[in-house]
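Participant: Please find the sequence and the predicted model below.
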Amino acid sequence: MPFPQRLVEGYQSFLDGRLRHEQDRYRELAEAGQSPEVMVIGCCDSRVSPEVIFDARPGELFVVRNVANIVPPYAPDGHAHGVSAALEFGVAALKVKHIVVLGHAHCGGVKAFAEKPAPLSPGDFIGNWMRLMAPAAAKAGPQAELPWADYLARLEQANVANSLDNLKTFPRLREQIERGEVAVHGAYFGVATGELSVRDEETGAFRPVATGRAFA
Ligand SMILES: [Zn+2]
């Protein structure tokens, strides 16, 4: 199969539009290197692209994405850990000032976990990965009295909170957070509405970050 035509067309549009406007910035970033202040840990979901949601320019966001925006707990066990490696690079080498865990509505990973035992796929990896969400399910509490959609939203938001907790299991990062050198934030994107909510660290509630327009 050939390289997807949609990507060729998209790239042509990038060449004719955005690259023309941002060529100098790309050159500067190539010479000076990247120094993004914000790291985003998001979901692989094709509808939840951090660069699009935050209208980011090249060099502004250091992004790692995985199924259900999970930060696994610190585990220096000699195995390969993709998220932990990205965290280490973002914090130690790039010295990002903010880490944003970006959850979202209608998350297939969260839904798969909630609907257990039906897995997202019958492969070797999803099950183990989604098990990392168990503490989030404990935080979300029982589903019993909630409509299913509301429960999923609660679990999606608890999953963000759980990833924030896991960030603090990384000893060096925890120290930097305590010293105020790095701030961690939870955010939640409503896919249907486009509404972005940010987690209040005190109360744990997610509140819309921008006002002035109605989200339909
Ligand atoms: Zn997702």
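Facilitator: Perfect, thanks for sending it.
Participant: Return the list of helices and strands in contact with the longest helix along the chain.
Facilitator: In the chain, with assignment by DSSP state H, the single longest helix is helix 148-167. Packing partners of helix 148-167 (3 or more C-beta pairs under 8 Å, 6 or more residues apart in numbering; DSSP states H and E): strand 98-104, helix 108-114, helix 134-140, strand 183-189, strand 196-199. No exception for glycine: its C-beta is placed from N, CA and C like everyone else's.
Participant: Nearest to Arg6, out of these?
Facilitator: Ranking the helices and strands packed on helix 148-167 by proximity to Arg6 (C-beta to C-beta) places helix 108-114 first, at 21.7 Å.
Participant: residue contacts, the closest residue to Gly141 other than its chain neighbours?
Facilitator: Excluding its sequence neighbours, the residue lying closest to Gly141 (C-beta to C-beta, 6 or more residues apart in numbering) is Arg154, at 7.7 Å. Counting by C-beta atoms under 8 Å, 6 or more residues apart in numbering, Arg154 makes contact with 140-141, 146.
Participant: Of those residues, keep whichever come out buried.
Facilitator: Neighbour counting with 16 or more other C-beta atoms under 10 Å marks Ala140 as buried within the contacts of Arg154.
Participant: Pull the residues that contact the helix or strand of the chain at the bottom of the mean pLDDT ranking.
Facilitator: Every helix and strand in the chain was compared by mean pLDDT, DSSP states H and E; the lowest is helix 126-130, with a mean of 84. The contact list for helix 126-130 (C-beta under 8 Å, 6+ apart) reads 66-68, 70, 109, 112-113, 116, 119-120.
Participant: what does this structure put close to the ion?
Facilitator: For the chain, the contact set with the ion under C-beta under 5 Å from the ion comprises 43, 45, 107, 109.
Participant: run the last query once more with 6 Å
Facilitator: Neighbours of the ion within the chain, by C-beta under 6 Å from the ion: 43, 45, 68, 104, 107-109.
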